[in-house]
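> Sequence first, predicted coordinates after that:
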Amino acid sequence: MKEKHIIEILENSPLASLTESELLTVRSHAESCRACGRAYEAAQLSTLLIKERAAETIEPSSFFQTRVLAAWREQQAGNNVPVFSRLWKSAGALVSTMALTTAALAALSFLAPTSQETAALNPYSAEAVVFNPDQGDDQMTDEQVLSALYTDEGEAR
């Protein structure tokens, strides 16, 4: 054990948690090695200080409870805000954005061109076919289209 120093043992575990055989090893090595002796004394001192500090009881000042309760009451009074204002504070931006989006969509719905106006702009659109069935005299009727499609090649037209 003389080749190996006990500082690792003292650093890895508290002095109070060492077994009796480890304590004997530490004490015997501390007597022969000056650096390990100082480490052992420091470990003993720190253990003693920790025990003394843990045994010490600290009494709060006479006005401590009064100050704590006053601060707690003040904090509770500050939290006594109406529910609606707390709700608006947390969700106000979302509600405002949704209201603006709804207003913009409503305005676009009323100001956008109607389907009949769209049909007038593009005569070949689906709206033009639905809303303006009589677009002109040059168009073929359904009967003419069917007869043109299903006539035999050999028949005269």
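Received it, and whenever you're ready, just let me know what you need.

> Buried ones in the helix or strand harbouring L48, by neighbour count?
Taking DSSP states H and E as the definition, L48 sits inside helix 34-55. Neighbour counts over helix 34-55 (16 or more other Cβ atoms under 10 Å) mark 36-37, 39-40, 43 as buried. C-beta: built from backbone N, CA, C; applies to glycine.

> residue closest to the middle of the chain?
Central residue of the chain (Cα atoms, centre = their mean): S90, 15.4 Å from the mean position.

> where's that residue, which helix or strand?
Going by DSSP H and E, S90 is part of helix 83-111.

> from the chain's centre, how far out does that helix sit?
The chain centroid and the centroid of helix 83-111 are separated by 23 Å under Cα atoms, centre = their mean, to the nearest Å.

> tell me the average confidence for stretch 92-107?
For stretch 92-107, mean pLDDT rounds to 94.

> How about stretch 48-61?
pLDDT averaged over stretch 48-61 equals 85, rounded to a whole number.

> ditto for stretch 73-89
For stretch 73-89, mean pLDDT is 78.

> swap in stretch 12-24?
83.

> Just the buried positions in that stretch, please.
So stretch 12-24, judged by 16+ other Cβ under 10 Å, has buried residues 15, 18.

> Contacts for that stretch, please.
Contact partners of stretch 12-24, identified using Cβ atoms under 8 Å, 6 or more residues apart in numbering, comprise 9, 26, 43-44, 46-47.

> hmm, 6 Å instead?
The set of residues external to stretch 12-24 that reach it, using Cβ atoms under 6 Å, 6 or more residues apart in numbering, is 43, 47.

> And T66, how close does it get to W72?
For T66, the distance to W72 (Cβ to Cβ, to the nearest Å) stands at 11 Å.

> Can you spell out the domain ranges of the protein, please?
7-55, 115-150 (automatic domain parsing).

> what about V26, neighbour count?
For V26, the count of nearby residues is 22 (other Cβ atoms under 10 Å).

> can you offset everything so residue one is 41?
I'll keep to 41 as the first residue from here, and by that count the last item is V66.
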